[in-house]
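1. Please work out how this folds:
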Amino acid sequence: MAAIAVMEEEGPGGFSVRKVAALIGCDVMAVLYHTKSKEGLERAMADALNARLVPVDPEAPWRTRLAELAWQYRALALTFPKTFPLLLRFWVTGPADYRHAEMVYQALEDAGLPDEEVVDCCFGWYASVLGLAAAEAGGLLQPASAEMLAEVESLSPADYPITVRLLPAFRAQQDGRSFALMVEATLAGIERTLVDR
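-> Reported below is the predicted structural model:
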């Protein structure tokens, strides 16, 4: 989709309907005719990203389904880091998003949650997974750079004893490990609600 290409090239600050129209060789009004507004275009872009996700096996255990979907969102965020944050803006992006939400609802129902908790856990799961994926794409969950490690090395152990002590752990950080740990923690938390009944 041309709009996604513009977003990835220009970023949110440089993105415009005019640039999308120029890339596809049409008038701005033609783009707006189909999307109604810039927000409508951005919602369509988010749904186009959602359409790239592959349905998970409905016969797999519920935790496996949610974990597989989470890893697909991570891959999407790392592939389209400037467009991916649009998924955090809309309650639902469109048809593709509804299809994936249906898979999440089914997994949570199969876990044994009642309807109210299916809704709440679905929102929480999406907030956790999309937030983690966006954070990693933005750099927060990626292993520390040499510059960041050097900055921690220069800290006073008297002032920052734990941060300095954790330096070997920061150096050992692996790509995707924080994401994996937090997805597992989210799924364990959902499972814990069933045990605590």
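
2. Please, which helix or strand holds Leu49?
-> Leu49 belongs to helix 38-50 when assigned by DSSP states H and E.

3. Run the chain-centre distance for that helix.
-> The chain centre lies 15 Å from the centre of helix 38-50; the measure is Cα atoms, centre = their mean, to the nearest Å.

4. for stretch 119-138, same thing?
-> 6 Å.

5. Report the buried residues of it.
-> Of all the residues in stretch 119-138, those buried under the rule 16 or more other Cβ atoms under 10 Å are 121-122, 125-126, 128-130, 132-137. (Glycine included, C-beta is placed from N, CA and C.)

6. now swap in stretch 74-91 and tell me
-> Arg74, Leu76, Ala77, Leu78, Phe80, Pro81, Lys82, Thr83, Phe84, Pro85, Leu86, Leu87.

7. SS state for the last one?
-> Going back to what we said before, that points to Leu87. Here Leu87 is recorded as helix under DSSP: H, G, I helix; E, B strand; the rest coil.

8. just checking, it touches Ala96?
-> No - checked against Cβ atoms under 8 Å, the pair Leu87 and Ala96 is beyond contact range at 10.7 Å.

9. where do the contact lists of those two overlap?
-> By Cβ atoms under 8 Å, 6 or more residues apart in numbering, Leu87 and Ala96 have these common neighbours: Asn50.

10. on that earlier part again, who does the helix holding Leu49 touch, helix- and strand-wise?
-> helix 2-14, helix 17-24, helix 28-35, helix 95-111 (3 or more Cβ pairs under 8 Å, 6 or more residues apart in numbering; DSSP states H and E).

11. For it, give me every contacting residue.
-> In contact with helix 38-50 (Cβ under 8 Å, 6+ apart) are residues 1, 3-4, 7, 16-17, 20, 31-32, 35, 76, 80, 83-84, 86-87, 89-90, 93-97, 99-100.

12. May I have that helix exported as PDB, CA atoms only?
-> Provided in PDB are the C-alpha atoms of helix 38-50 (Å, rounded to 0.1, in the frame of the first residue of the first chain):
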ATOM      1  CA  LYS A  38      -6.600  11.500   6.900                       C
ATOM      2  CA  GLU A  39      -7.700   9.500   9.900                       C
ATOM      3  CA  GLY A  40      -9.700   7.200   7.600                       C
ATOM      4  CA  LEU A  41      -6.600   6.600   5.600                       C
ATOM      5  CA  GLU A  42      -4.600   5.900   8.700                       C
ATOM      6  CA  ARG A  43      -7.200   3.500   9.900                       C
ATOM      7  CA  ALA A  44      -7.100   1.700   6.500                       C
ATOM      8  CA  MET A  45      -3.300   1.600   6.800                       C
ATOM      9  CA  ALA A  46      -3.500   0.000  10.200                       C
ATOM     10  CA  ASP A  47      -6.000  -2.600   8.900                       C
ATOM     11  CA  ALA A  48      -3.700  -3.300   5.900                       C
ATOM     12  CA  LEU A  49      -1.000  -4.200   8.500                       C
ATOM     13  CA  ASN A  50      -3.500  -6.400  10.400                       C
END
